[in-house]
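Chemist: The sequence and its predicted three-dimensional model are supplied below.
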Amino acid sequence: MSYHPRIPSLDDHHCQACSSPTSKEKRLSCFTCDHCHLSMCYDCFDKHTKHLMNEFTQLQKRFLQLTNLFDDKRRFLGQFQEHCIRSVNSAFDEAVNDLQNLRRESIDYVRHQFNDAEVNIYENKHKKMKSIFFSRQLYQKYWQMFDH
């Protein structure tokens with residue numbers, strides 16, 4: 001708050017804060033407030049300055065509260081962002097694990113099916129060979145009976 005002390009002259013204005021057209025006591029203004037441009041006497045200027053300083057202090061406190069609130073919200077948003085990223089990563093890790101398990105199970109199933117098919121082929125081959133062999137033996141025995 002700045003003030004401009006002046007030396008009163010005969011045509012000086014009266015205090016615009018405490019002097020009214022109907023009041024008997026009119027104080028000469030010695031100070032002009034740069035904030036509101038009122039001419040005031042010392043007592044009014046002192047009260048006015050204290051009032052403005054009190055408002056300024058309240059505004060500073062409110063500004064500090066808002067700054068702290070914004071900082072808290074910014075921290076909360078940062079923590080929430082980290083939580084969301086961890087959740088997304090966890091969901092994708094779980095999906096990847098499920099897909100890897102499904103791939104292993106599918107490969108095991110395919111190998112088992114091909115192994116079973118190979119066993120069936122081997123068994124059928126041996127059955128066929130036995131039947132061919134047995135048929136040939138019968139055939140030979142049959143012809144041997146007639147050859148004698």
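Modeler: Alright, I've got the coordinates. Because the structure is a prediction, the values reported are computed rather than measured.
Chemist: pretty sure residue 17 is in a helix, no?
Modeler: No - under DSSP: H, G, I helix; E, B strand; the rest coil, residue 17 sits outside any helix and is assigned coil.
Chemist: Now the nearest residue to it once chain neighbours are set aside: which helix or strand?
Modeler: Once flanking residues are discounted, residue 17 sits nearest to residue 44: 3.7 Å by CB to CB, 6 or more residues apart in numbering. Yep, even glycine has a C-beta here, placed from its N, CA and C like the rest. Using DSSP states H and E, residue 44 sits in helix 42-147.
Chemist: Quick one: distance of that helix to the chain centre.
Modeler: Centre-to-centre, helix 42-147 and its host chain are 21 Å apart (CA atoms, centre = their mean, to the nearest Å).
Chemist: Can you tell me which helices and strands that helix packs against?
Modeler: Contacting helix 42-147 under the criterion 3 or more CB pairs under 8 Å, 6 or more residues apart in numbering; DSSP states H and E is no other helix or strand.
Chemist: since we're on the residue nearest to residue 17, how many residues are nearby?
Modeler: 21 (other CB atoms under 10 Å).
Chemist: give the contact list for it.
Modeler: Contact analysis of residue 44 by CB atoms under 8 Å, 6 or more residues apart in numbering lists 15, 17-18, 27.
Chemist: any low-confidence regions in the chain?
Modeler: For the chain, the stretches flagged by pLDDT under 70 are 1-12, 20-24, 134, 136-139, 141-143, 146-148.
Chemist: and residue 32, how many residues sit next to it?
Modeler: 19.
Chemist: So what does residue 30 look like in phi/psi?
Modeler: phi -110, psi -10 (degrees, to the nearest 10).
Chemist: can you dump the C-alpha coordinates of stretch 51-67 into PDB?
Modeler: Only the C-alpha atoms of stretch 51-67 are listed here, as PDB (Å, rounded to 0.1, in the frame of the first residue of the first chain):
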ATOM      1  CA  HIS A  51      -8.500  -3.800   6.100                       C
ATOM      2  CA  LEU A  52      -6.700  -4.200   2.700                       C
ATOM      3  CA  MET A  53      -3.800  -6.000   4.400                       C
ATOM      4  CA  ASN A  54      -6.300  -8.400   6.100                       C
ATOM      5  CA  GLU A  55      -8.000  -9.100   2.800                       C
ATOM      6  CA  PHE A  56      -4.600  -9.600   1.200                       C
ATOM      7  CA  THR A  57      -3.600 -12.100   3.900                       C
ATOM      8  CA  GLN A  58      -7.000 -13.900   3.500                       C
ATOM      9  CA  LEU A  59      -6.400 -14.100  -0.300                       C
ATOM     10  CA  GLN A  60      -2.800 -15.400   0.300                       C
ATOM     11  CA  LYS A  61      -4.200 -18.100   2.600                       C
ATOM     12  CA  ARG A  62      -6.900 -19.000   0.100                       C
ATOM     13  CA  PHE A  63      -4.300 -19.100  -2.700                       C
ATOM     14  CA  LEU A  64      -2.100 -21.300  -0.600                       C
ATOM     15  CA  GLN A  65      -5.000 -23.600   0.100                       C
ATOM     16  CA  LEU A  66      -5.900 -23.800  -3.600                       C
ATOM     17  CA  THR A  67      -2.300 -24.400  -4.500                       C
END
